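# please work out how this folds:
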Amino acid sequence: MSSYPLLNLFWTMLWFFLWILWFMLLFRVIADIFRDDDLNGWGKAGWTIFVCILPFLGIFVYLVARGRGMGERAQERAQRQEQAFRSYVQDAAREQPQDRGAGRVGELERLADLRKSGDLTEDEYQQAKSKLLAV
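Below is the predicted model:
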């Protein structure tokens, strides 16, 4: 038989996970304090000191006093990140390699037209064409 009963193992695991949960909550509250644009420097300093000196009481008071705003700020931040991601994807989709290739074809056609009309010499055409194809 084991000298460490199963119930003790259960309680140890429970306390361990509660400890991890506590640190996650502590870091989330501290991050929210510093991300909040409505708090001035003294407010941020006061909440940070309160949370660090009396962590249990500070966290619970912060969650009661500013918990709703904490969720709203997290939701706004997630929406801004989603919008930034969407605009990045849209910008990247506009600049597909096919589009650049189509732009090169258009430029080559324009150069060929300039050569046919006599505005470019054969040497100028070859130089411009090599520059365009090198890009």
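
# which residues does stretch 69-86 contact?
Contact partners of stretch 69-86, identified using C-beta atoms under 8 Å, 6 or more residues apart in numbering, comprise 29, 32, 35-36, 38, 63. To be clear about C-beta, it is placed using only N, CA and C from the backbone, and glycine gets the same treatment.

# select the longest helix from this protein.
helix 55-94 (DSSP state H).

# next, give phi and psi for Met13.
phi -60, psi -40 (degrees, to the nearest 10).

# thinking again about what came up before, can you give me how far the longest helix of the chain is from the chain middle?
Offset of helix 55-94 from its chain centre (C-alpha atoms, centre = their mean, to the nearest Å): 11 Å.

# now the buried members of the contacts of stretch 69-86.
29, 32, 36 (16 or more other C-beta atoms under 10 Å).

# ok, and the helix or strand in this protein with the lowest average confidence?
helix 97-117 (a mean of 74; mean pLDDT, DSSP states H and E).

# next structured bit after it?
helix 122-134 (DSSP states H and E).

# that next one - what's its average pLDDT?
Regarding helix 122-134, the rounded mean pLDDT is 83.

# which elements pack onto it?
Judged by 3 or more C-beta pairs under 8 Å, 6 or more residues apart in numbering; DSSP states H and E, helix 122-134 is in contact with helix 97-117.
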